[in-house]
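Novice: Kindly generate the corresponding structure for this input.
(2 chains)
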Amino acid sequence: MPSLGADMTEGTLLEWLVQPGDEVHRGDIVAVVDTEKSAIEIEIFEDGRLGRLLVEPGETVPVGMPLAVIEKSGPTPIARSAPGPTPASGPAPTTPPPRAQRRVAASPLARRRAKELGVDLAAVQGSGKGGVLTVDDVERSAGGVVQKASAARAATTDAGDRSAAMRTAIGALMARSKREIPHYYLQSTIDMRAATEWLAALNAGRPVAERVLTAALMLKATALAVRTVPELNGFYRDGTFEQQDHVHLGIAVSLRGGGLIAPALHDADALPIEELMQRMKDLVGRARNGRLRGSEMSDPTLTVTSLGDRGAEIVHGVIYPPQVALVGFGRVVERPWAVDGMLTVRPTVAVTLAADHRVSDGHRGGLLLEAIDELLRRPEAL
Amino acid sequence: MNGHKAAGDAVRALVLDEVLRIAPDIEPSALDDTADLRRTADLDSLDFQTLIEAIAARTGVVVPEGDYQQVRSLQGMTDYISSRMG
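Specialist: Model prediction:
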């Protein structure tokens, strides 16, 4: 069971998309896992043939537990501890110990059900792998089969339930961030006239589907800028900073009805602006309605939150552990602006940086905002 | 005149249909025809682009970015699209 974000301690296998005996290749989607945030597609990180399945649909297991065996030269359990470095060409993954301390191991669903039914989790015998409590166990313990727990049920967890679970997960992660990360904050205001005009010219006469939004420019500028201040791009884990070579931008996506999810737009620095726009559309669409992939959940190296053209003017973000920085763009607003000693009016945006003092300081952080400013004033370079 | 009104109603229904596809949690009766659609239906810029795209696909009327001011409300969108449909 891969870790699909720092706040995940366990997941429920919803379905296998491959069968034992199937050939699998790195990057194939092999299973779907339910977390508190959403159903996530799990990719495989090596080539081989699928051997035995170790976990059945409906089972909830802790992060780090093998889900199946891939047969190569010898059997190797699939499992990945994430968020980790991009699993480009690393050795076969091994089973890491679960990161989280296990209390009574039970799925979020099982915990909620136990609460509803007034069942004491400590008194229930877990039937899942490693003694993990499932919803079935809880319901059995409550006396009589209340409702058959199944993959289908887990998938259709009612929206209110999901929303509450997500709020709890966000709360836990943000509390951890505020507790552990010594944040510092910087802010600049950027003249967006060049960017706005450049985009208007680019979009004029284009089919709607190919129009590029301001947010795409902001993402590209951030991805390019962070290459010049690489200590803001990576993970802080176990007391050390692990700088990342790839820029996988986490994009904060607000969900209708509440909740927030920040999946990764991979290699955002290397994407031409049109492609970045299409990828962003696809990612936001899937975050809201469909399925995200495991790697998108687990490996953002720097998160950007952009409030679009309707939100607040300034956002001061909270860093997503184990990342070390978050860049926030407010709404683009017209402001009085001084140019060459004269006052004029320009579309502007307030950009902020929240960063981790254990890794960088305000001077270096300031360079990032400066680089973003410069790039957005020369949009043709994006 | 009645025919014109009927055509407008059909376009309004079509626009509303696409808004609700993007924002299924919105109660249609809560949408004021003259209010800013993006605010009342809570559409972000990507949602709005999706809306314009869907309307273009169904009506053939493409709203250029420069005209977005005219299609901010349900009423504005309906009038804009109706007056440009063949």
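Novice: quick one: A:Pro57 is in a strand?
Specialist: No. Remark: A:Pro57 does not belong to a strand; assigned using DSSP: H, G, I helix; E, B strand; the rest coil, it is coil.
Novice: so who does A:Thr305 touch?
Specialist: Contacts for A:Thr305 (Cβ atoms under 8 Å, 6 or more residues apart in numbering or on different chains) come out as A:252, A:262, A:315, A:317, A:326-329. Glycine gets a C-beta too; all of them are placed from N, C-alpha and C.
Novice: Give the helix, strand or coil label for it.
Specialist: strand.
Novice: what separates it from chain B, distance-wise?
Specialist: 12 Å (Cβ to the nearest Cβ, to the nearest Å).
Novice: care to break chain A down by domain?
Specialist: Taking automatic domain parsing as the domain assignment, the ranges for chain A are A:1-176, A:181-381.
Novice: which helices and strands sit right next to whichever helix or strand A:Val349 is part of?
Specialist: If you go by DSSP states H and E, A:Val349 is part of strand A:342-356. Under the contact criterion of 3 or more Cβ pairs under 8 Å, 6 or more residues apart in numbering or on different chains; DSSP states H and E, strand A:342-356 touches strand A:183-191, helix A:193-203, strand A:325-329, strand A:333-339, helix A:362-377.
Novice: Sheet partners, orientation included, of it?
Specialist: strand A:183-191 (antiparallel), strand A:325-329 (antiparallel), strand A:333-339 (antiparallel) (DSSP bridges).
Novice: ok, A:Glu380 to A:Lys220 distance?
Specialist: A:Glu380 is 12 Å from A:Lys220, where distance means Cβ to Cβ, to the nearest Å.
Novice: can you check A:Asp269 too?
Specialist: 8 Å.
Novice: Neighbour count for the two, which is higher?
Specialist: A:Lys220 (27 against 19; other Cβ atoms under 10 Å in any protein chain shown).
Novice: Now the more buried one. Nearest residue, chain neighbours left out?
Specialist: A:Leu382 (4.7 Å; Cβ to Cβ, 6 or more residues apart in numbering or on different chains).
Novice: Also B:Leu46?
Specialist: Closest to B:Leu46 by Cβ to Cβ, 6+ apart is A:Val284, at 5.7 Å.
Novice: Walking through the chain, point out its helices one by one.
Specialist: You didn't pick a chain, so chain A it is. A:108-117, A:135-141, A:151-155, A:159-180, A:193-203, A:214-226, A:273-289, A:294-298, A:362-377 (DSSP state H).
Novice: Switch to chain B, please.
Specialist: B:2-22, B:37-40, B:45-59, B:74-84.
Novice: so what secondary structure elements neighbour the longest one?
Specialist: Put plainly, it is helix B:2-22. Under the contact rule (3+ Cβ pairs under 8 Å, 6+ apart), helix B:2-22 is packed against helix B:45-59, helix B:74-84.
Novice: Including mean neighbour count and distance to A:Glu71, could those go into JSON lines?
Specialist: Compiled in JSON lines, the helices and strands packed on helix B:2-22 are given as follows (neighbours: other Cβ atoms under 10 Å in any protein chain shown; distance: least, Cβ to Cβ, whole Å):
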{"stretch": "helix B:45-59", "mean neighbour count": "19", "distance to A:Glu71": "43"}
{"stretch": "helix B:74-84", "mean neighbour count": "19", "distance to A:Glu71": "57"}
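Novice: looking at the chain, which helix or strand does the model trust least?
Specialist: Since you didn't name a chain, this refers to chain A. Lowest on mean pLDDT, DSSP states H and E among the helices and strands of chain A sits helix A:151-155, with a mean of 42.
Novice: Please refer instead to chain B.
Specialist: Result, chain B / mean pLDDT, DSSP H and E: helix B:2-22, a mean of 86.
Novice: where in chain B is pLDDT low?
Specialist: B:1-4, B:86 (pLDDT under 70).
Novice: Contact residues of it facing chain A?
Specialist: B:23-25, B:38-39, B:42, B:44-46, B:49, B:52-53, B:56, B:62-66 (Cβ under 8 Å from any Cβ of the partner chain).
Novice: now with 10 Å?
Specialist: Remark: the part of chain B in contact with chain A comprises B:22-26, B:36, B:38-39, B:42-57, B:62-66, using Cβ under 10 Å from any Cβ of the partner chain.
Novice: Now do the closest residue to chain B within the stretch 151-300 of chain A, the pLDDT please.
Specialist: Using Cβ to the nearest Cβ, A:Val208 is the residue of the stretch 151-300 of chain A that sits closest to chain B, at 4.2 Å. Looking at A:Val208, its pLDDT stands at 92.
Novice: any idea how far it is from B:Leu51?
Specialist: Separation of A:Val208 from B:Leu51 (Cβ to Cβ): 9 Å.
Novice: Mind listing the shared neighbours of these two?
Specialist: Counting by Cβ atoms under 10 Å, 6 or more residues apart in numbering or on different chains, the shared contacts of A:Val208 and B:Leu51 are B:Val63.
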